[in-house]
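Peer 1: Kindly generate the corresponding structure for this input.
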Amino acid sequence: CKTCYTRHRRRGDLALVRIVGNDVARFWSHVNQNGEWPAAATMASGGDRCWVWTSTRDRTGYGRLKVAGKNVAAHRFSYELLIAPIPEGLEIDHLCRNRACVNPQHLEPVTGTVNILRGVGFSALNARKTHCPQGHEYTEENTYSRARNPNGRECRRCINARDAAVSLGLRPPAPLRTHC
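Peer 2: Here you go, the predicted model:
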């Protein structure tokens, strides 16, 4: 159908690609199963080594492979070849945090939000914060979300202190600046 074809063209999914023996053999010829051991802190389960993709990688470090003339992600190919098709709306998360890894035991289909929050980007780091820069705990009662930025949050105690200083004609306390 058109939806499947569009998904295939946009994301390189394998649902419409006929995998032939040559593609599988070529895949295995580029896999080093004696890769590094993942850090214990990053692995939720499993104790086996990363299978490192040794061929072409994109600029972000993910392995790439041509299957039936279509450029696909090596980790997605590995998961679909050895485990099951990736469910609609999910993406593959590397539990080992090694983007070149194609070991299906280190891969898990998750939503985009879960994948981002498991990472080390600004969104993930800020979501893990439990206290504001002034040390006040982020609780449901003490957290405010602005309409212009519903995903952001501010400490109500800090907002109240700033508003009180402004109403008294005092300069509001400068917020403690951090790198993020």
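Peer 1: From now on I want contacts and neighbour counts done on CA atoms only, so please keep to that.
Peer 2: Fine.
Peer 1: CA-only coordinates of the helix ranked longest in the chain in CSV, if you can.
Peer 2: The single longest helix within the chain, with elements called by DSSP state H, is helix 156-167. What follows is helix 156-167 as a C-alpha-only set of coordinates in CSV (Å, rounded to 0.1, in the frame of the first residue of the first chain):
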residue,chain,number,x,y,z
ARG,A,156,7.4,28.1,41.8
ARG,A,157,9.4,29.2,44.8
CYS,A,158,12.0,30.9,42.5
ILE,A,159,9.2,32.6,40.5
ASN,A,160,7.6,33.8,43.8
ALA,A,161,10.9,35.1,45.1
ARG,A,162,11.5,37.0,41.8
ASP,A,163,8.0,38.5,41.7
ALA,A,164,8.3,39.6,45.4
ALA,A,165,11.6,41.3,44.7
VAL,A,166,10.2,43.1,41.7
SER,A,167,7.1,44.2,43.6
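Peer 1: in that helix, what's buried?
Peer 2: When neighbours are counted by 16 or more other C-alpha atoms under 10 Å, the buried residues of helix 156-167 are found to be 156, 157, 158, 162.
Peer 1: and that helix, what's its mean pLDDT?
Peer 2: Regarding helix 156-167, the rounded mean pLDDT is 88.
Peer 1: That helix: how far from the chain's middle?
Peer 2: Using C-alpha atoms, centre = their mean, to the nearest Å, we find the averaged C-alpha position of helix 156-167 to lie 36 Å away from the chain's own average C-alpha position.
Peer 1: can you give me the strands for the chain?
Peer 2: Taking DSSP state E as the criterion, the chain carries its strands at 31-32, 52-53, 64-67, 70-73, 91-94, 107-110, 143-146, 149-155.
Peer 1: Let me know which of the ones you listed is the nearest to residue 169.
Peer 2: Across the strands of the chain, residue 169 has its closest neighbour in strand 149-155 (21.5 Å, C-alpha to C-alpha).
Peer 1: one step back: of all the buried residues of helix 156-167, which comes closest to residue 75?
Peer 2: The shortest gap between residue 75 and any of these belongs to residue 156, at 43.7 Å (C-alpha to C-alpha).
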